[in-house]
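1. test case, fold it:
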Amino acid sequence: MKYIINGITFDTQQRTLSVANEQVYLEAKSFQLLSVFIANNHVILTRDTLIELAWDGRIVSDSAINKAISKLRQHLETLQPNSSIIQTKPKIGYVFSANVSTFVPQKKQRLNQATLFSICLFVFIAIVFYAIRWLLSGHDPIPSPLQLERLTAHAGIETRVSASFNGKFTYLNTNHADGTQHLYLKDLNAQQTHLLPITTAQLQSHSMSADGQYIAYVTQQEEHCSIKLHTIDALTNTDAFDCSNMANLKLAWQHDNKAIFIRSRENNASPFTIFKFLLNSQKLIQASLPAEHHDMKGDYLLAAHPKKRLFAFARYLAPDLTEVHLVNSKSLKTIQITEFAGAITAMGFGEDTLYFSEQQSLFQLDIDTKQIGRIKDTSYPIESLAITQVNDKNLLIHSQYHVSSEVKAFHIKRKQSRSLFDNAALNRLPQHTKKGHLMYVSNTEQQHDLWVMNNDQSTKLALPFEFGFRRYQSHPITETILFEKQGALLELDLNTHDLQQVIDPKHKAYVANYHDNGEQIIYSSNKQGEWQLWLFDRKKQSHTQLTNNGGYSGYYYQNQLYYTKRHVSGIWAIDQGKEQLLIPHVSNINWLNWRILAGNIYFYKKNDGIWQYNIETKQQQRILAQPDGFIHQYTINDDAITYIEIKPMQGDIHALTL
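-> Below you'll find the predicted structure:
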């Protein structure tokens with residue numbers, strides 16, 4: 001439906017506001033607010049009413065409401081300067097005052113059959129004429145606007161697309177049948193595909209230069225990391241940079257081939273940062289400073305312009321909020337920052353546009369106007385994308401994949417596994433409720449929701465927001481769960497579906513576990529700079545710091561604290577006020593998946609499996625060898641381990657004519 005608001009067109013399907021040739025894309029909250037205001041035009045809405053209608057009754061701060069109102073006003077004033085459509089009523093609320101009408105397209109005059117036949121015949125002849133003329137010129141037919149074309153169809157999955165701006169692109173193919181990987185280069189102008197002489201066994205990332213002459217790639221073998229350069233015409237490989245103190249790298253070439261931008265972090269527990277590496281001088285310069293956020297994801301995506309001194313990165317703010325930074329690649333000064341109400345998954349530059357994806361949706365950010373618009377929804381989530389030119393046409397090349405996972409149970413005594421739940425969706429983070437019902441996060445209905453299985457029947461829990469990939473814990477006595485959202489701790493009653501805030505966002509809580517009967521909660525926070533563990537007493541409403549040398553996930557057992565750290569591997573304990581390393585060499589990813597049950601600590605060893613450590617005897621043994629597809633997400637009850645197993649992915653590379 002379309003509304004006309006004081007001359008501004010509001011398209012509810014496209015989620016846009018427009019006047020003449022100007023258009024604004026509305027983030028999720030701006031769209032929801034505007035819809036509420038239109039439904040209550042000329043009615044004063046209090047803050048409580050707005051929370052009920054636009055925030056579905058969940059807990060929000062005054063600053064969040066102010067920010068959302070300000071953002072919507074900004075969108076409206078962009079198209080209609082000095083407008084006062086949203087008015088503030090001091091100490092009361094807000095009122096939306098506008099002339100609102102629905103848009104009704106004018107009916108076109110009906111053509112008689114003879115005229116209609118003549119028009120159709122003329123169009124058909126013209127199409128045939130130009131198609132024959134184009135084919136005789138030796139070129140392929142020009143695809144129609146927004147035509148989607150499959151470019152690869154290997155067995156297995158194609159990922160990590162990178163492209164030059166002259167019709168060449170590279171991609172990695174993984175064959176599920178034998179596990180082999182190959183890096184390919186495809187030339188769309190010559191319609192040729194080549195297997196590149198680059199070892200892919202340790203290949204972590206790669207990027208092709210804008211002119212199609214070079215490929216920069218990362219190899220990782222044990223503790224050694226190296227960035228190498230492959231010259232495409234000469235088929236030579238040379239070392240460029242030792243990246244052994246970096247992890248999780250992504251690369252992007254500067255437009256003139258004089259520098260490579262590197263996204264990396266020190267380890268899995270530190271934030272992503274962008275660096276610029278000058279090839280001639282071998283100088284490494286930090287190009288971004290990640291913001292301080294509780295999850296420390298930082299500046300996690302990177303793209304460089306193929307022709308200009310410009311690069312972009314995505315900064316994670318929240319599960320539903322990302323900042324896009326455009327930066328001058330020479331001075332490293334920020335040119336502009338644009339907010340996007342979602343989690344960006346891939347990005348790439350065109351001439352005057354930055355293209356990016358959020359799961360299955362493609363968007364474009366106009367560099368000059370700073371406006372965001374949705375351009376297409378695809379069948380499956382987009383893993384990577386790049387822009388190239390063929391016959392003066394811009395093509396958006398992207399890899400799509402379909403990933404699903406199975407929930408399985410391993411009986412500890414019988415040493416047997418069986419399937420508990422299997423569908424075509426991505427199911428993760430299993431937990432058991434006090435009654436023994438299985439809970440898990442799944443994207444069965446596109447977004448990531450929390451589901452409960454009872455007697456082989458799965459039910460989605462109704463929440464006023466997308467649950468997302470979020471750690472949660474079941475109460476030891478009652479049918480409630482505890483989880484974090486934007487620094488606050490929330491508790492959900494599984495029977496009544498009542499949702500309440502337990503800890504205020506100012507405490508910056510993150511990983512949280514119940515203690516004993518649930519009257520106390522152990523949580524991690526970086527509210528004093530470093531991650532430490534805190535104990536919250538619900539009756540006294542008091543917060544007590546438990547650790548001084550770091551703490552991230554903790555449990556009490558027989559009045560002794562056991563915990564992991566954010567930046568240091570191992571499981572630790574505090575004995576008589578002194579810190580003691582209990583189990584060394586336990587990867588710090590275990591903040592998600594270690595447990596204490598009946599005097600035993602269960603933990604995951606990377607590429608090995610799940611181990612059991614007896615607190616009394618200090619003996620440890622492996623109880624589950626790592627299965628194929630295991631993604632170190634599991635829970636344990638009395639006699640079984642419930643875990644997640646990823647099934648083989650399928651996916652190809654497609655091109656969208658822009």
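
2. all strands of the stretch 551-658 of the chain, in order?
-> Shown for the stretch 551-658 of the chain, the strands assigned by DSSP state E, counting those that start in this stretch span residues 553-557, 560-564, 571-575, 578-583, 595-597, 600-605, 609-614, 620-625, 630-636, 640-646, 653-657.

3. and the first one, what's buried?
-> I take that to be strand 553-557. S553, G554, Y555, Y556 (16 or more other CB atoms under 10 Å). (Glycine included, C-beta is placed from N, CA and C.)

4. got the domain boundaries for this structure?
-> Per automatic domain parsing, the structural domains of the chain span 2-102, 114-142, 155-401, 409-600+629-646.

5. among the ones you listed, show me which one is buried the most.
-> Of all those, domain 155-401 has the most neighbours on average by mean count of other CB atoms under 10 Å, namely a mean of 18.

6. and the helices in this protein, which stretches?
-> Listed in chain order, the helices of the chain (DSSP state H) span residues 28-39, 47-54, 62-79, 113-136.

7. was I right about L251 contacting Y214?
-> No. Counting by CB atoms under 8 Å, Y214 is not a contact partner of L251; they are 11.0 Å apart.

8. contact partners for the residue lying closest to T231 once chain neighbours are set aside?
-> Leaving aside its sequence neighbours, T231 sits nearest to Y214 (CB to CB, 6 or more residues apart in numbering; 6.0 Å). The contact partners of Y214, by CB atoms under 8 Å, 6 or more residues apart in numbering, come to M208, L229, H230, T231, I232, W253, N257.

9. now, which of the residues you listed sits nearest D652?
-> Nearest to D652 among those, counting by CB to CB, is M208 at 19.1 Å.

10. tell me what that closest one is bridged to.
-> Beta-bridge partners recorded for M208 (DSSP bridges): I215.

11. got the CA positions of stretch 455-470 in CSV?
-> Written as CSV, here are the backbone C-alpha positions of stretch 455-470 (Å, rounded to 0.1, in the frame of the first residue of the first chain):
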residue,chain,number,x,y,z
ASN,A,455,6.5,-34.9,22.6
ASP,A,456,8.1,-34.4,19.1
GLN,A,457,6.1,-31.2,18.5
SER,A,458,8.0,-27.9,18.1
THR,A,459,6.4,-24.6,19.1
LYS,A,460,7.9,-21.1,18.5
LEU,A,461,8.0,-18.9,21.5
ALA,A,462,6.2,-15.6,21.0
LEU,A,463,8.6,-12.7,21.7
PRO,A,464,8.3,-9.0,20.9
PHE,A,465,11.6,-9.1,19.0
GLU,A,466,13.8,-11.5,17.0
PHE,A,467,15.6,-13.7,19.5
GLY,A,468,18.7,-14.1,17.3
PHE,A,469,21.9,-16.0,17.9
ARG,A,470,21.8,-15.4,21.7
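
12. how far out from the middle of the chain is that stretch?
-> Offset of stretch 455-470 from its chain centre (CA atoms, centre = their mean, to the nearest Å): 19 Å.

13. just the mean pLDDT for stretch 256-267, thanks.
-> Averaged over stretch 256-267, pLDDT sits at 92.

14. now do stretch 442-452
-> 85.

15. that older thread, which of the strands of the stretch 551-658 of the chain sits closest to T388?
-> Comparison of the strands of the stretch 551-658 of the chain against T388 by CB to CB identifies strand 653-657 as nearest, at 8.5 Å.

16. so what strands line up beside the closest one?
-> Strand 653-657 has the following strand partners under DSSP bridges: strand 148-150 (antiparallel), strand 393-400 (antiparallel).

17. can I get those strands in JSON lines with distance to I412 and mean pLDDT?
-> Output for the strands paired with strand 653-657, formatted as JSON lines (distance: least, CB to CB, whole Å; pLDDT from 0 to 100):
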{"stretch": "strand 148-150", "distance to I412": "46", "mean pLDDT": "79"}
{"stretch": "strand 393-400", "distance to I412": "39", "mean pLDDT": "92"}
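
18. quick one on the thing from earlier: could I get the buried residues of strand 553-557 as JSON lines with pLDDT and distance to Q621?
-> Below are the buried residues of strand 553-557 laid out as JSON lines (pLDDT from 0 to 100; distance: CB to CB, whole Å):
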{"residue": "S553", "pLDDT": "92", "distance to Q621": "22"}
{"residue": "G554", "pLDDT": "93", "distance to Q621": "24"}
{"residue": "Y555", "pLDDT": "94", "distance to Q621": "20"}
{"residue": "Y556", "pLDDT": "92", "distance to Q621": "24"}
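
19. would you turn the domains of the chain into a markdown table with distance to L148?
-> A markdown table is the format used below for the domains of the chain (distance: least, CB to CB, whole Å):
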| stretch | distance to L148 |
| --- | --- |
| domain 2-102 | 19 |
| domain 114-142 | 15 |
| domain 155-401 | 8 |
| domain 409-600+629-646 | 19 |
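
20. so which of those domains comes closest to T617?
-> Of those, the one closest to T617 (CB to CB) turns out to be domain 409-600+629-646, at 9.3 Å.

21. can you give me the end-to-end span of the closest one?
-> 14 Å (CA to CA, to the nearest Å).

22. and stretch 448-462, by the same measure?
-> Termini of stretch 448-462 sit 12 Å apart (CA to CA).

23. and if you look at stretch 298-309?
-> OK, stretch 298-309 end separation, CA to CA: 23 Å.

24. separation between D366 and N21?
-> Going from D366 to N21 by CB to CB, to the nearest Å gives 11 Å.

25. same thing with E484?
-> From E484 to N21 the distance is 44 Å (CB to CB).

26. with L429 instead?
-> 46 Å.

27. leaving out the residues flanking it, which one is nearest to F603?
-> W594 (4.3 Å).

28. if you could redo that for R374, that was the one I meant.
-> In this structure, R374 finds its nearest non-sequential neighbour in F363, 5.4 Å apart by CB to CB, 6+ apart.

29. so what pLDDT did that neighbour get?
-> Reported pLDDT for F363: 95.

30. quick check: bridge partners of it?
-> Beta-bridge partners of F363, as defined by DSSP bridges: F356, R374.

31. my read: it touches I375, true?
-> Yes. The pair F363 and I375 qualifies as a contact (CB under 8 Å) at a distance of 6.6 Å.

32. who touches both of those two?
-> Joint contacts of F363 and I375 (CB under 8 Å, 6+ apart) are Y355.
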